[in-house]
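1. how would this look folded up:
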Amino acid sequence: MGNGESTQQNSRHWFGHKQILLEGDNDHPVAIIVGPVNEWDAQHLDKLKVISNSSGIAPILDVDFTAHGQPYAAVPILNYPTLQDLLNDEDMKWEHKAGALRAAAEIMQTAHDAKVTHGGLAPELISVRDSEVIINGLGFAPGGEFSEAAQQWMAPEVLEGQAPDEYSDIFSFGAMLGAALESAEQRPRSLSRLAKWSTSETAETRPPSMEEFANVIGETLGADYEFKPGYVATTAYATTLGSSDNSSLKPAGQDIAFDDLRDKQEERKRRDEVTAPTPVIVDEAERSYSWITAACIVGLGILLSFWIFQTSDTETATPTTDLSSPTTQQVDSDGSPNADDAEQGTETEASDQLNPALDVDAAGIQIVHGIADTEVDLYIDDQLAIQGFEPGTLAGPAATEPGEYSVALFKSVENPADSLENRSDQPLLADSISFDGSPTAVIAFSGSDGSPALDVLELQDEPLSAGTARLAISNYSTSAELDVEIAGEELTLAAGQTSVTEVAPDSTEVGLADSSTELTQALDLRDGQSSNVFVFDAPDGAQLALSEVRLKGLDTAPAEVPTGNSGLASPNSSFSFVLGLVAAAMLAVGGLVIRRRAGSTA
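-> As a prediction, this is how the structure comes out:
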């Protein structure tokens with residue numbers, strides 16, 4: 001097909017909108033997209049113009065209304081490799097794929113800042129040329145249709161008919177990150193969490209922004225595998241558009257006047273040629289002092305960085321992968337210090353924290369023993385881990401590295417064999433566990449018929465927005481139903497069910513009741529903590545028993561800048577005193593510069 005000739009086709013790149021394809025020299029084809037009048041109003045076209053000037057976004061050669069009021073946009077068709085090609089390449093490192101996705105997230109943040117969302121993002125719409133990334137089809141989804149291939153990456157609320165927003169784009173990025181991690185032999189914990197967080201069924205619980213998404217990937221990959229927003233030279237594509245023959249471009253029934261289109265382009269070109277940049281006059285006094293202002297800003301930035309570094313939270317948990325010696329934490333049968341005094345049918349109150357909080361990245365596999373009246377010997381990977389493992393006790397981490405592990409519980413004996421193969425008795429429970437690195441609980445409990453049972457539950461570890469905590473309650477008692485009250489809200493949990501609630505970081509009162517027992521438990525949750533509470537039958541059969549695995553480090557807010565005497569401003573801290581003097585001097589010099597500038601403009 002020669003220069004200037006055109007065809008009409010529908011493409012998933014353009015969401016089923018009518019389009020005219022201008023092939024030009026075949027190397028620089030252009031598509032003219034005809035948008036729906038109701039969806040592509042003047043405000044929407046203005047947004048397309050704004051984002052078209054941003055790097056990393058496929059440029060728009062022309063966008064406007066025809067003389068007949070039909071909205072259109074002319075865009076280059078980029079025949080570059082795509083993120084889908086990278087995902088399909090089994091030999092390519094997953095870090096390379098994630099790095100490209102990080103750059104795409106930064107580009108998408110630029111669009112979100114301009115109040116433009118994609119809505120139908122898929123890997124095939126992200127072009128990757130060497131180390132450059134370009135997003136196609138941005139702003140073209142309104143009024144269009146989504147291809148079947150794109151729907152697997154789309155947020156559930158969009159598939160149900162809701163309008164796309166920033167959170168639906170975040171969902172698409174989370175789905176693509178999950179696909180990129182499929183080729184990783186060992187998935188980084190931070191990115192597995194990010195993919196899971198971003199693809200949450202509820203939009204409000206996803207990351208707050210694309211910037212946050214990109215930052216997590218960047219912190220994980222470091223300086224390696226860096227990509228940048230790409231740029232497309234439009235001269236050759238504009239030639240394709242400008243050399244089109246109107247008579248051959250205007251098919252029957254099409255109301256776009258392409259002579260108008262070319263006239264608009266030529267008029268804009270003339271305006272660009274005659275519009276000269278406005279000269280900038282810099283006051284010489286201001287120029288001479290500008291370096292002082294810059295020095296003040298840099299110095300204060302260094303001081304602030306040092307302050308934050310010195311006062312940041314240094315509390316960490318050291319994981320252990322020694323499978324023969326997981327640590328244990330003992331919990332009273334009902335979480336209360338007075339369990340022995342409680343009677344059937346009475347209400348008891350428990351302490352405000354059942355177990356210390358574990359760092360989310362070091363929690364690994366936690367073994368929860370909830371079989372009433374039964375001490376057991378715990379074997380992990382056929383080796384004795386704990387002798388005399390008591391009901392209501394937690395053991396962990398049994399493992400922190402992803403992999404396959406075996407767990408076996410035997411009725412406790414006085415001198416258990418170190419190796420499972422030397423046990424002559426039969427285990428109460430035995431199973432294998434596939435562990436992906438996410439915090440996981442292996443729960444031993446009594447089933448509805450009273451026989452021992454084993455369950456594997458992935459703990460609630462999705463990141464939390466600032467000022468929130470999470471409470472998950474799982475019913476592993478023999479009661480068919482358990483009445484639960486959380487901060488005044490009532491619900492019913494069937495056996496084996498889990499309830500998840502986001503709460504304020506404060507003391508939260510939980511009430512539990514079955515047909516014969518009531519238990520009140522106050523849980524003092526802090527910002528960014530997730531409490532996973534398991535309800536069992538108490539050893540005496542008269543009460544409910546609780547165990548808890550509490551995770552910390554789920555908050556997404558930046559570390560707070562401490563106030564008061566944190567050591568940095570200690571009266572004995574001479575270095576801090578010097579820093580204070582330097583800061584005061586910088587502020588004084590900066591003030592002089594500001595006053596000098598103010599005086600020079602008076």
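2. so where's the protein uncertain?
-> In the predicted model of the chain, residues 1-14, 243-355, 540-542, 556-602 satisfy pLDDT under 70.
3. Now do the helices in it.
-> For the chain, the helices defined by DSSP state H occupy 42-52, 83-88, 94-113, 148-151, 156-159, 166-181, 189-198, 210-221, 235-242, 246-249, 258-274, 284-311, 574-601.
4. Please give me every residue in contact with residue 441.
-> 365-368, 456-457, 459, 532, 534, 549 (Cβ atoms under 8 Å, 6 or more residues apart in numbering). Every residue, glycine included, has its C-beta placed from N, CA and C.
5. at 7 Å what do you get?
-> 366, 368, 457, 459, 532, 549 (Cβ atoms under 7 Å, 6 or more residues apart in numbering).
6. wait, the fifth one sits on residue 472?
-> Yes. The pair residue 532 / residue 472 is scored as a contact, 4.8 Å apart, by Cβ atoms under 7 Å.
7. Quick check: residue 367 touching residue 445?
-> No. Using Cβ under 7 Å, residue 367 is not in contact with residue 445, being 11.9 Å away.
8. Count the neighbours of residue 228 for me.
-> Residues lying near residue 228 (other Cβ atoms under 10 Å) number 14.
9. Over to residue 529?
-> Neighbour count of residue 529, defined by other Cβ under 10 Å: 25.
10. Dihedrals phi and psi, it?
-> Residue 529 adopts backbone torsions of phi -100, psi 150, taken as degrees, to the nearest 10.
11. so who does it touch?
-> 357, 469, 550-552, 554.
12. Would you reformat those as a markdown table and include neighbour count and distance to residue 150?
-> Formatted as a markdown table, those follow (neighbours: other Cβ atoms under 10 Å; distance: Cβ to Cβ, whole Å):
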| residue | neighbour count | distance to residue 150 |
| --- | --- | --- |
| 357 | 21 | 41 |
| 469 | 25 | 36 |
| 550 | 22 | 40 |
| 551 | 23 | 35 |
| 552 | 20 | 38 |
| 554 | 21 | 31 |
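13. could I get those residues as CSV with distance to residue 427?
-> Below are these laid out as CSV (distance: Cβ to Cβ, whole Å):
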residue, distance to residue 427
357, 32
469, 37
550, 29
551, 29
552, 34
554, 35
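14. Between the residues you listed, which sits nearest residue 416?
-> residue 550 (29.9 Å; Cβ to Cβ).
15. how close does that closest one sit to residue 389?
-> As judged by Cβ to Cβ, to the nearest Å, residue 550 and residue 389 stand 20 Å apart.
16. same question, residue 409
-> Counting by Cβ to Cβ, the gap from residue 409 to residue 389 is 7 Å.
17. joint contacts of those two?
-> 376, 378.
18. Pull stretch 131-141 out as CSV, backbone CA atoms only.
-> Output of stretch 131-141 as CSV, limited to C-alpha atoms (Å, rounded to 0.1, in the frame of the first residue of the first chain):
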residue,chain,number,x,y,z
SER,A,131,16.2,0.7,28.3
GLU,A,132,13.3,2.9,27.5
VAL,A,133,9.6,2.4,28.3
ILE,A,134,6.6,3.9,26.6
ILE,A,135,2.9,3.4,27.5
ASN,A,136,0.4,3.2,24.7
GLY,A,137,-3.3,3.9,24.6
LEU,A,138,-3.4,6.1,27.6
GLY,A,139,-6.6,8.1,27.8
PHE,A,140,-8.3,6.1,25.0
ALA,A,141,-10.4,3.7,27.0
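19. residues touching the residue most central in space within the chain, list them.
-> Closest residue to the average C-alpha location of the chain: residue 194 at 3.6 Å, with Cα atoms, centre = their mean. By Cβ under 7 Å, 6+ apart, the residues touching residue 194 are 177, 213, 216.
20. Scan these and report the most crowded one.
-> Using other Cβ under 10 Å as the neighbour criterion, residue 213 leads the contacts of residue 194 with 28 neighbours.
21. Could you measure from that one over to residue 139?
-> Counting by Cβ to Cβ - residue 213 and residue 139 are separated by 20 Å.
22. before we move on, what about residue 446?
-> Look at residue 446 and residue 139: by Cβ to Cβ, they are 58 Å apart.
23. Comparing those two, which residue is more hemmed in?
-> A side-by-side neighbour count of residue 446 and residue 139, using other Cβ under 10 Å, places residue 139 first with 25 against 21.
24. Compute the distance from the centre of stretch 148-158 to the centre of its chain.
-> Its chain's C-alpha centre and that of stretch 148-158 lie 18 Å apart, by Cα atoms, centre = their mean, to the nearest Å.
25. Next, the buried residues of it.
-> Residues of stretch 148-158 classed as buried by neighbour count (16 or more other Cβ atoms under 10 Å): 150, 153-155, 157-158.
26. just stretch 523-542 next, same as before
-> Result for stretch 523-542 [16+ other Cβ under 10 Å]: buried residues 523, 525, 527-539, 542.
27. Out of those residues, which is nearest to residue 493?
-> Proximity to residue 493 was ranked across the buried residues of stretch 523-542 by Cβ to Cβ; first place goes to residue 535, at 8.0 Å.
28. before we move on, back to that, quick one: which of the buried residues of stretch 148-158 is nearest residue 98?
-> Closest to residue 98, out of all of these and judged by Cβ to Cβ, is residue 153, at 15.8 Å.
29. So which of the contacts of residue 441 is the closest to residue 53?
-> Using Cβ to Cβ, the contacts of residue 441 come closest to residue 53 at residue 459, 45.8 Å.
30. Surely the closest one and residue 533 touch.
-> No. Using Cβ under 7 Å, residue 459 makes no contact with residue 533, being 11.0 Å away.
31. ok, and the closest non-adjacent residue to residue 95?
-> residue 225 (4.6 Å; Cβ to Cβ, 6 or more residues apart in numbering).
32. ok, that neighbour - contacts?
-> Residue 225 neighbours (Cβ under 7 Å, 6+ apart): 95-96, 99.
33. Dump those to a markdown table, plus distance to residue 18 and neighbour count.
-> Shown next, in a markdown table, are those (distance: Cβ to Cβ, whole Å; neighbours: other Cβ atoms under 10 Å):
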| residue | distance to residue 18 | neighbour count |
| --- | --- | --- |
| 95 | 41 | 19 |
| 96 | 37 | 18 |
| 99 | 36 | 23 |
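34. TSV please, covering those residues and showing distance to residue 63.
-> Below are the contacts of residue 225 laid out as TSV (distance: Cβ to Cβ, whole Å):
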residue	distance to residue 63
95	37
96	34
99	31
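35. sorry, back to before: return the subset of the contacts of residue 529 lying in strands.
-> Counting by DSSP state E, the contacts of residue 529 place 357, 469, 550-552 in strands.
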